[in-house]
Structure formats: structure tokens, C-alpha cells
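# No letters, just coordinates:
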């Protein structure tokens, strides 16, 4: 099922390492973003706390390379919502501003379109496999 969400290959070598770096940067960014908001503001509503926990969870999924398309979609959607709902970067602090959120959206879109790569749990669990079917004993007799 998840094979349909990715390209038909899980690149290895330098392209696979590039996808690993892209996923890692995006995952660390999303997790850090969620943790900064959870730890820095005591007056978060229930929905804001849930969004922060979702960012931390999706960042962790991206670091592992598990359910990558879903995690990229959620991170990209969250980055777009943050970029359009908070137009002034001084409300976000010096670490995360509106141009930064646009970078997150573009990186999430790139990771969503390229797939997780060979160095991910998705490739290990859902990647292509070679199935060897042994000959039946009654078919091998002349």
C-alpha cells in the first residue's frame, strides 16, 4: 500500500544519503519547533498543545523514516499554516520566522515527492523484495 505513495525505487548511495539528510533536517526542525513552543509558553490552548505534540511526533517519524509521506504532509501543512497565520516574525522569536516556515514547507514538499530513500524504515518494511519461488518437485521430473 505505501509503495504507491513513493516512487518505485528507494535510492541508495549518494541520493539515498541526500534524502536521509533532507529527512533529518526536516525532522529535527519540526521536533525542535514543537518543543520550543511547548517549553516556552505556558498559556497554550488545548489545540496549540496538540499541534506542538503533532510536530514533535511527525519530526520523530521523519527522523526514523517511517510513514514519511504522511509526516511530510502534516509538517508541510503545519508550516504553511504557521507562515500564513503569523505574519510578523517577532511574535515567533528569533529562531523561527515566517521565511523559515516557507523553507519548511518547500523541504516537506521535496521530501514528500522524492520519498524516504533506502536508509529508512519505510524502505525496510515496505520496499521491493525479491521473491524466490522454488520449483515444485512434480514439475522438475522429465
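Perfect, thanks for sending it. Fair warning: this is a prediction, and the values are worked out from it, not measured in the lab.
# In this protein, what helix or strand scores lowest on average pLDDT?
Among the helices and strands of the chain, helix 137-140 carries the lowest confidence by mean pLDDT, DSSP states H and E, at a mean of 65.
# Let me see the backbone angles for residue 129.
When read as degrees, to the nearest 10, the backbone of residue 129 gives phi -130, psi 150.
# So it versus residue 44, what's the distance?
Distance, residue 129 to residue 44, using CB to CB, to the nearest Å: 44 Å. (Each C-beta comes from the backbone N, C-alpha and C, glycine too.)
# Which one of these two is surrounded by more residues?
In terms of neighbours (other CB atoms under 10 Å), residue 44 is the more surrounded of residue 129 and residue 44; the figures are 14 against 6.
# so that one is in which element?
When elements are assigned from DSSP states H and E, residue 44 belongs to no helix and no strand.
# again with the one 3 residues further on
Residue 47 is part of helix 46-64, with elements assigned from DSSP H and E.
# Same question for residue 125.
Judged by DSSP H and E, residue 125 forms part of helix 121-126.
# how far is that helix from where the chain is centred?
Averaging C-alpha positions (CA atoms, centre = their mean, to the nearest Å) puts helix 121-126 14 Å from its chain's average.
# Can you tell me the SS state at the residue lying closest to residue 29 once chain neighbours are set aside?
Distances taken as CB to CB, 6 or more residues apart in numbering place residue 104 nearest to residue 29, at 6.0 Å, with adjacent residues excluded. Secondary structure of residue 104, reduced to three states by DSSP: H, G, I helix; E, B strand; the rest coil: helix.
# Can you give me the distance of residue 104 to residue 37?
Relative to residue 37, and taking CB to CB, residue 104 is found at 14 Å.
# Residue 107 contacts residue 24, doesn't it?
No - counting by CB atoms under 8 Å, no contact exists between residue 107 and residue 24, whose distance comes to 10.9 Å.
# any idea which helix is longest in this structure?
In terms of residue count, the longest helix belonging to the chain (DSSP state H) is helix 13-40.
# what is the orientation angle of it with helix 46-64?
Put simply, helix 13-40 runs at 150 degrees to helix 46-64, going by axes from the mean of the first three to the mean of the last three CA atoms, to 10 degrees.
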